[in-house]
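Participant: just need the structure, nothing else, for what follows:
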Amino acid sequence: MKFYPLTFTPILKDRIWGGNKLKTYLNKPIVSETTGESWEISTVPGDISVVNSGVLKGKNINDIIDLYPNEILGKSVIARFGKQFPLLFKFIDAKEDLSIQLHPNDDLAKERHDSFGKTEMWYVMQADESARLVVGFKKDSTKEEYLKHLESKNLVALLNESPVKKGDVFFLETGIIHAIGAGVVVAEIQQTSDITYRIYDWDRVDVTGKGRELHTDLALEAINYTATPAKIEYTEEVNNSVPVVNCSYFITNIIALQDCFIWKRKKQAFTVFMCTNGQFEMVVNGEILRYNMGDTILIPAIIEHVTLKGKATLLEISI
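Facilitator: Next up is the predicted model:
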């Protein structure tokens, strides 16, 4: 088997708050004007990514990992997660505000849902003028204060609303209340989990006049009531891999590619590139592969190095 960088057919999700930027901005094959998410690499049950090119085309990621665990995941990942792919990669288009929500930690998610928790990060790819994110409390709060404001439909008064621009990064630990605001496109990196506690949905209803389910009681024990800074400051360096987020679940660096960068694997684990801007070529084993903004590429652990050429911004994600 000659291993090569893998790309997957996007899994597109219609959302009440979604729009059409995944098509107009990222060239995704959406069929709805309310498409909110493109799941780029997923092993969430019911949404398993399928390879879209090369000799492995048509095979899903779980089957490939089952056949070639060391080659795809790498020994260090297998030692920790077995044959389970531990991350979920998405692009998100918020035409309207997402619900205000949070995610449980590993222990609570395991106890309640037999799932991982959901630590995640956002990289802002595009933001309309005056766009913002809701991230955490303005100051330390309490369960009682939170419930009082929730019941009076004034929860936002307690929360931090952060203006955003292209290139901003936010790291969201479990328990932090958050929402992507209208007019924002983000790349999202998270644990493999689809557990969300929705606590406020702006009194929004669907075409039948029905509001979406809220998870008030489930959320109470899961919320982090302390004010926790989430925005990450960093400085890009041309043709270099700059650390941005380093947590126990994933490591994300940013590569500002201007002409040529030789990428070398640091440990026996897979790497994923998400192209958030521009175009580039990847030279691997003498073959030239071409990618555009919005492409997500899984580099199997067995591939030791590649050469990147072009002008692009890449998120480099590993375990």
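
Participant: and residue 222, its phi and psi?
Facilitator: Residue 222 has phi and psi values of phi -90, psi -20 when expressed as degrees, to the nearest 10.

Participant: okay, now the residue nearest to it when sequence neighbours are not counted: neighbour count?
Facilitator: Closest residue to residue 222 apart from its sequence neighbours, by Cβ to Cβ, 6 or more residues apart in numbering: residue 104 at 4.3 Å. (C-beta placed from N, C-alpha, C; glycine too.) Residue 104: 27 surrounding residues under other Cβ atoms under 10 Å.

Participant: then residue 211?
Facilitator: By other Cβ under 10 Å, neighbour count at residue 211 equals 11.

Participant: residue contacts, the nearest residue to residue 266 once chain neighbours are set aside?
Facilitator: The shortest distance from residue 266 to any non-neighbouring residue, by Cβ to Cβ, 6+ apart, is to residue 318 (7.4 Å). Contacts for residue 318 (Cβ atoms under 8 Å, 6 or more residues apart in numbering) come out as 250, 251, 266, 267, 269, 270, 271, 272.

Participant: quick one: contacts for the second one?
Facilitator: Under the criterion of Cβ under 8 Å, 6+ apart, the contact list for residue 251 reads 243, 245, 317, 318, 319.

Participant: next: the last one.
Facilitator: Contacts of residue 272 were listed using Cβ under 8 Å, 6+ apart, and they are 41, 87, 89, 296, 297, 298, 299, 315, 316, 317, 318.

Participant: so which helix or strand takes in it?
Facilitator: strand 271-284 (DSSP states H and E).

Participant: could you pull out the buried residues of that strand?
Facilitator: 271, 272, 273, 274, 275, 276, 277, 278, 280, 282, 284 (16 or more other Cβ atoms under 10 Å).

Participant: closest to residue 152 among the residues you listed?
Facilitator: residue 276 (39.1 Å; Cβ to Cβ).

Participant: measure the closest one to residue 124 for me?
Facilitator: Here residue 276 is placed at a distance of 9 Å from residue 124 (Cβ to Cβ, to the nearest Å).

Participant: which residues are in contact with each of these two?
Facilitator: By Cβ under 8 Å, 6+ apart, no residue touches both residue 276 and residue 124.

Participant: can you pull out the strands in the stretch 151-300 of the chain?
Facilitator: Per DSSP state E, counting those that start in this stretch, the stretch 151-300 of the chain carries strands over the ranges 159-163, 169-172, 178-180, 184-191, 197-200, 231-232, 241-246, 251-257, 260-264, 271-284, 287-292, 296-299.

Participant: want to throw the ones you listed into a markdown table with mean pLDDT and distance to residue 69?
Facilitator: Shown next, in a markdown table, are those (pLDDT from 0 to 100; distance: least, Cβ to Cβ, whole Å):
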| stretch | mean pLDDT | distance to residue 69 |
| --- | --- | --- |
| strand 159-163 | 97 | 40 |
| strand 169-172 | 98 | 29 |
| strand 178-180 | 98 | 34 |
| strand 184-191 | 98 | 19 |
| strand 197-200 | 97 | 33 |
| strand 231-232 | 98 | 32 |
| strand 241-246 | 97 | 25 |
| strand 251-257 | 98 | 21 |
| strand 260-264 | 97 | 22 |
| strand 271-284 | 98 | 16 |
| strand 287-292 | 98 | 24 |
| strand 296-299 | 98 | 14 |
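
Participant: which of these sits closest to residue 37?
Facilitator: strand 184-191 (8.4 Å).

Participant: which stretches of the protein form helices?
Facilitator: Per DSSP state H, the chain carries helices over the ranges 21-24, 61-67, 69-72, 75-81, 106-113, 143-151, 216-222.

Participant: highest average neighbour count across those?
Facilitator: Highest mean neighbour count of the helices of the chain: helix 21-24, a mean of 20 (counted as mean count of other Cβ atoms under 10 Å).

Participant: show me what that helix is packed against.
Facilitator: strand 35-41, strand 87-94 (3 or more Cβ pairs under 8 Å, 6 or more residues apart in numbering; DSSP states H and E).

Participant: pLDDT weak spots in the stretch 51-200 of the chain?
Facilitator: Across the stretch 51-200 of the chain, nothing is flagged by pLDDT under 70.

Participant: show me the domain layout of the protein.
Facilitator: 11-232, 241-318 (automatic domain parsing).

Participant: so which of the ones you listed comes closest to residue 1?
Facilitator: domain 11-232 (6.8 Å).

Participant: ends of the closest one, how far apart?
Facilitator: 29 Å (Cα to Cα, to the nearest Å).

Participant: can we start the residue count at 41 from this point?
Facilitator: Taking 41 as the first residue, the last one we looked at is domain 51-272.

Participant: from the chain's centre, how far out does that domain sit?
Facilitator: 7 Å (Cα atoms, centre = their mean, to the nearest Å).

Participant: understood, closing this out.
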